[in-house]
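Engineer: Coordinates for the following, if possible.
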Amino acid sequence: MRNLLEKLIDQCRSKYHLQLLFPSDPFILQFDCEDQHYTISLSDKECLIMEDDNTFEPGFVIEGNEEMITCVLKGQELLSRMIEHNQLSVRGGYRPLLFVESVLWLTRPVLKETVEV
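Structural biologist: So this is what the prediction gives:
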C-alpha cells in the first residue's frame, strides 16, 4: 500500500497540471485500510506522505480493505463507483470527494497501448 501511495505522490509532484488543482493550505487525505492508517498531504507547495498522522485532522477519509483501496489507487475503478457498490466508505463532504476522485483519476498509471493502422 505504501508503495502505491509513493507512486501517487510522485505523480502529484511531476504533473504540472495537477499543481493547479491543489489548494494553498494542505488537504489531508487519510486511508484506513483494515488496521493500518496512511495519511497524505496535498498542497500547491508540497505533496507528501505524513509519518505522524495525528498532527492534522483529515479533510477526507477513505475506509476499506486493502484490495479495494488498491483497486482505486491503481486506477482500475472510480472511487465514486466503489462507494456506490458499498466496497469502500468515505467520510467528508461532496467537494472533497470530487477533489480526491479527480486526483486519484489523474494520477492513475496509464498503460500505453499500441495502435495498428
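Engineer: contacts for the worst-scoring helix or strand of the chain on mean pLDDT?
Structural biologist: Lowest on mean pLDDT, DSSP states H and E among the helices and strands of the chain sits helix 16-19, with a mean of 84. Applying Cβ atoms under 8 Å, 6 or more residues apart in numbering, the contact partners of helix 16-19 are Q11, C12, D44, V103, L106, T107. Every C-beta, even on glycine, is put in place using the N, C-alpha and C of the backbone.
Engineer: From those, keep the buried residues only.
Structural biologist: Q11, C12, V103, T107 (16 or more other Cβ atoms under 10 Å).
Engineer: circling back to that earlier point, of the contacts of helix 16-19, which belong to helices?
Structural biologist: Q11, C12, V103, L106 (DSSP state H).
Engineer: Model confidence score at R95, please.
Structural biologist: With respect to pLDDT, R95 scores 95.
Engineer: what helix or strand does it sit in?
Structural biologist: Assigned by DSSP states H and E, R95 belongs to helix 94-106.
Engineer: Alright, that wraps it up for me.
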